[in-house]
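> Output the structure for:
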Amino acid sequence: IHVPPCRSTRKGKYIVRQHVSASRRIIPRSLSEHIDGVAISGYDTQHFPDSYTHLSADNEETYYPDEDVLEVRHLRDRLVPRPSPYINTNNMGGGFVGDRDKIRLHTVEFESSDSAGAFCSDGMATVGDEDTCILLPEWAIRCGPRRTIFYNPQEVSAAVVTCGGLCPGLNDVVQNVVYTLLDYGVPPDNILGIRFGLRGFYSREHKPIQLTAQNVDGIHLTGGTVLGTSRGGATVKEIVSRISLWGLNMVFVVGGNGGNAAAHAIAEECESQQVNCSVIGIPKSIDNDILLIDRCFGFETAVEEAQRALMAAKVEARSAHNGLGLVKLMGRQSGFIAMQASMAAGVVDVCLIPEIPFSLRALTRHVRRIMARQGHCVVCAAEGAGQDILAKLNEAAEKSGNGFFTHAQELKAAISAGGEERRDVALQNKGDGGGDGSYNSNSNNSKSSTPNEAVHNTGNDASAAVVSSSSSSSSSSSSSSSHSSSQTLTSPAAASQSAAAAAAFASSSSLSPPSSSSSASADVVAALTSEGGARPRATDASGNPVLLDIGLFLRDYFKSEFKDVADVKYIDPSYMIRSTPTASSDRVLCKVLGQNAVHSAFAGFTDTTVGLVNMHYVMLPIPTIIQAPRRVNPSGRRWNRLVAAIGQPSLLDNPYEDAVEDAAAAAEAEAAEAKVAAAAAAAAAAAAAAAAELENKPAPPPLPPTAVIRVAA
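Below is the predicted model:
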C-alpha cells in the first residue's frame with residue numbers, strides 16, 4: 001500500500017510510524033474503513049479509537065502513553081461526555097480538532113552547538129544570573145473545538161475576570177469569550193463579569209455583572225477593560241467558596257504570569273475541595289514575557305505605539321543643536337518592546353534592555369561618538385535596564401548620608417568610584433514637576449505582602465499574589481516582575497519633595513550637607529526611586545521588586561555629562577501605550593484566544609492556558625509557563641539583528657579605550673592647568689609691572705590755596 005506523507009493532521013484511524021524518524025504516515029479514511037491492519041516493511045502500526053475515554057482516576061493523561069507530550073490536566077473522569085452542538089454542521093464546515101493533534105515544540109534542528117540559538121534547543125531558556133534551560137517534551141496538545149464536549153451548555157455558568165495592569169486587547173478577549181459561550185448555547189444570564197480583579201469575587205462594594213451580547217457589543221473599540229482590573233492579593237479560599245456557591249463550572253482568568261499563577265492556585269483549591277470547575281488562563285503580557293508563547297496579545301499594539309514615541313524623540317533630537325532624545329519603554333525584566341520597537345522604527349542609535357548589561361562610561365563614549373558623527377542621538381531604554389548601576393549608587397547613598405551631589409563633577413566622581421569606599425554620593429533624580437516637561441508615568445508606592453500572606457508570582461502584571469494556606473505550597477511560581485505595581489499619580493508630599501530636590505539639583509552653588517546624616521540617607525534613597533516613597537529592593541503587593549527609575553536617572557546623567565553641549569529631551573509614553581485600543585493584528589489574536597479558551601473549557605481541561613506556539617494554538621499547563629519570565633536571548637538572532645542594524649557595540653567597560661580616554665582626559669586637564677598657570681603668571685607679572693611703575697612715578701606738585709578752597713567748595 002502506498003501511504004502518502006502527511007505529518008500535520010490525522011484523517012484516519014491508523015497511524016503508521018516509521019522506526020527511524022519522528023515522521024508520520026497517515027492512511028486516508030477511505031482506506032482505513034476497509035482494512036483491519038497494515039504491514040509495511042520498515043513500519044509498524046498503531047490503532048487509535050475514535051473516542052478517548054480511558055482516563056486514569058489520578059488525573060494523569062493517557063492520551064499519549066508512548067509519546068513525549070506536554071501534559072494538561074482535565075476533569076473528564078468526573079464529567080459526562082456529550083456531542084458538540086456544532087456536530088451537525090461539522091463546526092460550520094471547518095471540522096474539529098482531535099485530542100491527538102499535536103504541535104511540535106522544537107522546530108529547529110541545529111547543525112552544532114555553535115549555531116546561533118542552539119543553546120537549550122530541547123527546552124526553554126531563561127536568562128538570569130546564570131543561563132538556565134528548562135527541558136520540555138517534544139509535543140504540545142493542539143487546542144480548538146472538539147467533537148465531544150464534557151459540559152451541558154444549558155447548565156454552564158461561567159465567569160470572566162481581568163487581572164493586573166492595563167493592556168491593549170482586554171476588551172477584545174472578554175467580548176470573544178462571551179460570544180463563544182453564547183454560540184455554544186450557554187444562557188446569557190449565566191455569564192458573569194467579575195469587577196476589578198480577583199477580589200471582585202467576594203467584594204461587597206463591587207458586585208459581578210451579567211455579560212450579554214448587548215453589553216459587550218462594541219467594547220473592543222475602546223482601550224482598557226470594561227470589567228476593571230487590580231493588582232495584589234486575593235483570598236483563594238474565598239474565591240473557590242464563591243465558585244461553589246454560585247455553581248460556576250468555568251472561570252476564565254485574563255492575566256499575565258501573575259494572573260496565570262492565580263488561576264493555578266484556584267484550580268488547585270478547586271481540586272482540594274472537589275469543585276468541578278475548569279479554570280482556563282488567557283495569557284496577557286504587554287512585555288511579551290510569558291514562557292513558550294510566541295506572542296501575547298497587546299505586544300504588537302505596544303510596539304506600534306512605542307514607535308510613535310521614538311519618532312517624536314528623533315524629530316526633537318534632530319531639530320535641536322546636539323539634540324539627545326531619550327525614550328523609556330515598558331520592560332521590567334524583558335526587553336522585547338524596546339528591542340522590537342527600535343528595530344521597526346529605524347531611528348534608534350542606542351537600545352538598552354534588562355538582559356544586556358552596560359556601563360555608563362561605555363554608554364557615554366558611544367553617545368559622544370554618535371553626536372560627533374551626526375549631530376544628534378536617540379536612546380531607547382527599557383524600564384528594567386541598568387538596575388545594577390542604580391542599586392550600587394543607591395547602596396552607596398544609604399551608607400554615606402552625605403547629601404545630594406549637584407554638579408557634573410560630583411556625578412562623575414560617584415560613578416568612577418565604582419565599588420571603592422569613595423562611593424559616597426548618589427544621583428538626585430528629578431521627580432514629577434521637575435519643570436522640563438518630562439513626566440514619570442510609572443510609580444512604585446505599594447505596600448508589600450509578607451511571604452505567608454501571598455504566593456509570590458512571576459512576570460508581567462503579577463496581578464494576583466494569592467493568599468491561600470492550602471494552595472500556597474502548590475503554587476510554585478518564582479518571584480519576578482515586569483511592571484510597576486501602582487499606577488497612581490505622585491502624592492503631594494512626594495511631589496513637593498521631588499520639586500525641592502530638583503531645585504537643589506539645578507542650583508549653581510554646591511549644596512551643603514544636611515545636619516542629620518540619617519535624614520540625608522533617607523532623602524537619597526527616596527530620590528533614587530520612581531515615586532520617592534518605596535525602597536529600591538522592596539516588593540509591591542503583587543511580589544514585584546520595585547524598580548529604580550532608569551529614565552529619570554539617564555535624563556539627569558546626560559544633562560550633567562553633556563552640560564551646555566546637548567539638549568536632552570525625555571519621553572515616557574507608558575500610559576499612552578497601555579490604554580490605547582488594539583491594533584488589527586492583536587485584535588485577531590484576541591478573538592482566537594477567547595474562542596480557544598472556551599473550547600478548552602468545554603473539552604474538560606483545567607489549569608491550562610491557551611497560546612500561540614510555533615504559529616499554532618496549543619494548550620499549555622500553567623505551572624510550566626509561570627516558572628520564569630521569558631527574556632531576550634543575548635546571543636540570539638533577534639538581538640543580533642538589532643545591534644547589527646544600528647551599529648551598537650558592547651557597552652561594557654573596555655580597558656584599552658578606558659586607558660586612552662583617561663590619557664586624553666589627563667592631557668586635557670594638564671593643558672588646562674598649564675593654561676591657567678600661564679594666565680596666573682601673566683597676571684602676576686602685569687601686577688608687578690604696574691606696582692613698579694607706580695613707585696617710580698614722581699609725586700604731583702602741591703595745589704595752590706585758591707585751588708584747595710575751590711575743591712573744598
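> Now the strand or helix carrying residue 390: buried residues?
Per DSSP states H and E, residue 390 falls inside helix 387-400. Along helix 387-400, the positions that meet the burial threshold by neighbour count (16 or more other Cβ atoms under 10 Å) are 387, 389-390, 392-398, 400. All C-beta atoms are positioned from the backbone trio N, CA, C, and that covers glycine.
> Looking at these, point me to the pair that's furthest apart.
387 and 400 (20.3 Å; Cβ to Cβ).
> which other helices and strands contact the helix holding residue 390?
If you count contacts as 3 or more Cβ pairs under 8 Å, 6 or more residues apart in numbering; DSSP states H and E, helix 387-400 packs onto helix 408-417, helix 517-528, helix 550-561.
> Between helix 550-561 and it, find me the angle.
When axes from the mean of the first three to the mean of the last three Cα atoms, to 10 degrees is applied, the directions of helix 387-400 and helix 550-561 differ by 70 degrees.
> Extract the C-alpha set from helix 387-400 and format it as CSV.
Output in CSV follows, covering the C-alpha atoms of helix 387-400 (Å, rounded to 0.1, in the frame of the first residue of the first chain):
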residue,chain,number,x,y,z
GLN,A,387,19.1,48.4,37.7
ASP,A,388,22.6,47.1,38.8
ILE,A,389,24.0,50.6,38.3
LEU,A,390,21.2,52.3,40.2
ALA,A,391,21.4,49.7,43.0
LYS,A,392,25.1,50.4,43.5
LEU,A,393,24.6,54.2,43.7
ASN,A,394,21.7,53.8,46.0
GLU,A,395,23.7,51.4,48.3
ALA,A,396,26.4,54.0,48.4
ALA,A,397,24.0,56.7,49.3
GLU,A,398,22.5,54.6,52.1
LYS,A,399,25.9,54.1,53.6
SER,A,400,27.2,57.6,53.4
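> buried set for stretch 174-185?
174-182, 184.
> Lowest average pLDDT across the helices and strands packed on helix 387-400?
If you rank the helices and strands packed on helix 387-400 by mean pLDDT, helix 517-528 sits at the bottom with a mean of 37.
> Quick check: residue 654 touching residue 363?
No - using Cβ atoms under 8 Å, residue 654 is not in contact with residue 363; the gap is 11.8 Å.
> So for these two, which residue has more residues nearby?
In this view residue 654 and residue 363 are compared by other Cβ atoms under 10 Å, and residue 363 has more residues nearby, 22 against 16.
> That one: what's it in contact with?
Residue 363 makes contact with 350, 352, 651, according to Cβ atoms under 8 Å, 6 or more residues apart in numbering.
> Dump those residues to JSON lines, plus pLDDT and distance to residue 596.
Shown next, in JSON lines, are the contacts of residue 363 (pLDDT from 0 to 100; distance: Cβ to Cβ, whole Å):
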{"residue": "350", "pLDDT": "97", "distance to residue 596": "40"}
{"residue": "352", "pLDDT": "97", "distance to residue 596": "36"}
{"residue": "651", "pLDDT": "93", "distance to residue 596": "42"}
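> Among these, which one has the most neighbours?
Ranked by neighbours (other Cβ under 10 Å), the contacts of residue 363 are led by residue 352, which has 25 neighbours.
> Need the phi and psi values for that one.
phi -120, psi 120 (degrees, to the nearest 10).
> Could you do the one 10 residues further on as well?
Reported as degrees, to the nearest 10, the phi and psi values for residue 362 are phi -70, psi -40.
> Check the one 4 residues further on too.
The main-chain torsion angles of residue 366 are listed as degrees, to the nearest 10 and equal phi -70, psi -40.
> To what extent is it buried, counted in neighbours?
20.
> And it, how close does it get to residue 373?
11 Å (Cβ to Cβ, to the nearest Å).
> try residue 261
Distance from residue 261 to residue 373, by Cβ to Cβ: 47 Å.
> Then residue 363?
Taking Cβ to Cβ, one finds residue 363 at 16 Å from residue 373.
> Kindly report the same for residue 640.
Residue 640 sits 23 Å away from residue 373, going by Cβ to Cβ.
> Which of these two has more residues huddled nearby?
A direct count of neighbours by other Cβ under 10 Å for residue 640 and residue 373 places residue 640 higher, at 14 against 10.
> The spatially closest residue to the more buried one that is not a sequence neighbour: which element?
In this structure, residue 640 finds its nearest non-sequential neighbour in residue 116, 7.1 Å apart by Cβ to Cβ, 6 or more residues apart in numbering. Under DSSP H and E, no helix or strand contains residue 116.
> Just give me the longest helix of the chain.
In the chain, with assignment by DSSP state H, the single longest helix is helix 655-696.
> Please name every helix or strand in contact with that one.
Using 3+ Cβ pairs under 8 Å, 6+ apart, helix 655-696 is in contact with helix 360-374.
> Point out where the chain drops to low pLDDT.
Counting by pLDDT under 70, the ranges of the chain that qualify are 1-67, 125-132, 401-545, 699-700, 702-713.
> let's go with 50 and repeat that
1-66, 128-130, 403-412, 418-536 (pLDDT under 50).
> packing partners for whichever strand or helix holds residue 315?
Residue 315 belongs to helix 299-319 when elements are defined using DSSP H and E. Helices and strands touching helix 299-319, by 3+ Cβ pairs under 8 Å, 6+ apart, are strand 323-329, helix 336-345, strand 377-382, strand 567-571, helix 574-578, helix 584-602.
> For residue 75, find the nearest of those.
Closest among the helices and strands packed on helix 299-319, using Cβ to Cβ: helix 584-602, at 9.8 Å.
> State the paired neighbours of the very next helix or strand once past that closest one in the sheet, together with their directions.
Following helix 584-602 in sequence order, the next helix or strand is strand 608-613 (DSSP H and E). Sheet partners assigned to strand 608-613 using DSSP bridges are listed as strand 278-283 (parallel), strand 616-621 (antiparallel).
> Using CSV, write down the CA coordinates of strand 608-613.
The C-alpha coordinates for strand 608-613 follow below in CSV (Å, rounded to 0.1, in the frame of the first residue of the first chain):
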residue,chain,number,x,y,z
THR,A,608,-4.3,25.3,31.4
THR,A,609,-3.7,28.4,29.3
VAL,A,610,-4.0,28.8,25.6
GLY,A,611,-1.4,30.5,23.5
LEU,A,612,0.4,30.7,20.1
VAL,A,613,3.4,28.4,19.9
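> contacting residues around that strand?
By Cβ under 8 Å, 6+ apart, strand 608-613 touches 72-73, 103, 105, 140, 143, 260, 263, 280-283, 290, 292-296, 589, 593, 596-597, 600, 617-622, 625.
> Wait, residue 187 touches residue 152, no?
No - the criterion here is Cβ under 8 Å, and residue 187 misses it with residue 152 at 11.2 Å.
> can you pull the alpha-carbon coordinates of stretch 578-592 into PDB?
These are the backbone C-alpha positions of stretch 578-592, laid out as PDB (Å, rounded to 0.1, in the frame of the first residue of the first chain):
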ATOM      1  CA  ARG A 578      -1.200  50.800  27.900                       C
ATOM      2  CA  SER A 579      -4.600  52.500  27.300                       C
ATOM      3  CA  THR A 580      -4.700  52.500  23.500                       C
ATOM      4  CA  PRO A 581      -7.200  50.500  21.600                       C
ATOM      5  CA  THR A 582      -6.000  47.300  20.000                       C
ATOM      6  CA  ALA A 583      -4.200  47.100  16.600                       C
ATOM      7  CA  SER A 584      -5.600  44.800  13.900                       C
ATOM      8  CA  SER A 585      -3.100  42.000  14.400                       C
ATOM      9  CA  ASP A 586      -3.700  41.900  18.100                       C
ATOM     10  CA  ARG A 587      -7.400  42.100  17.600                       C
ATOM     11  CA  VAL A 588      -7.400  38.900  15.500                       C
ATOM     12  CA  LEU A 589      -5.200  37.200  18.200                       C
ATOM     13  CA  CYS A 590      -7.600  38.200  20.900                       C
ATOM     14  CA  LYS A 591     -10.500  36.700  19.000                       C
ATOM     15  CA  VAL A 592      -8.800  33.300  18.600                       C
END
